[in-house]
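>>> next input, structure requested:
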Amino acid sequence: MLRVGEQVRAAITQVLQRGEVRDDVIEKTVISISEVRMSPDLKIATAYVTPLGISDHGAVIDALNRNAKYIRGRLGPQLRQMKYMPEVRFRDDTSFDNYKKIDELLRSPEVQRDLNGDTEEE
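I've put the predicted structure just below:
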């Protein structure tokens, strides 16, 4: 499933980079696809995307989901080895927000104090 997910991610990235999707929101936005998770039967591909440089991710996610059938059709040449062409769904990737929260916690004064306090006792 991981290998197929990576192949689907690369194929979606190529479709978006070539500008094959004619949608104003998608054409004006740089989109990063961080991961594609496949269902166990390989019939559904959930792509986790992060629109870069804008705060309203919902509009871009909605535009991608509106064009999902067209994108699925454009994936055919790159994924012709697959028995079934997966249905593509787009979701907002919140992992970067989680990483940011963890980084802020690790840099907080309380954690730094605890880390420095442990080294002074030894």
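
>>> which helix or strand contains residue 96?
Secondary structure from DSSP states H and E places residue 96 in helix 95-106.

>>> quick one: that helix to chain centroid distance?
17 Å (Cα atoms, centre = their mean, to the nearest Å).

>>> how about stretch 103-118?
31 Å.

>>> now do the buried residues in it.
By 16 or more other Cβ atoms under 10 Å, stretch 103-118 has no buried positions at all. Any C-beta I mention is one placed from the backbone N, CA and C, and that applies to glycine too.

>>> and residue 13, how far from residue 75?
11 Å (Cβ to Cβ, to the nearest Å).

>>> distance check, residue 5 against residue 59.
25 Å.

>>> more neighbours: these two, which one.
residue 5 (18 against 13; other Cβ atoms under 10 Å).

>>> the longest helix anywhere in the chain: which residues count as buried?
Among the segments of the chain that qualify as a helix by DSSP state H, the longest is helix 2-17. Neighbour-count burial for helix 2-17, counted by 16+ other Cβ under 10 Å, picks out 4, 5, 7, 8, 9, 11, 12, 15, 16.

>>> ok, stretch 91-105 next?
So stretch 91-105, judged by 16+ other Cβ under 10 Å, has buried residues residue 93.
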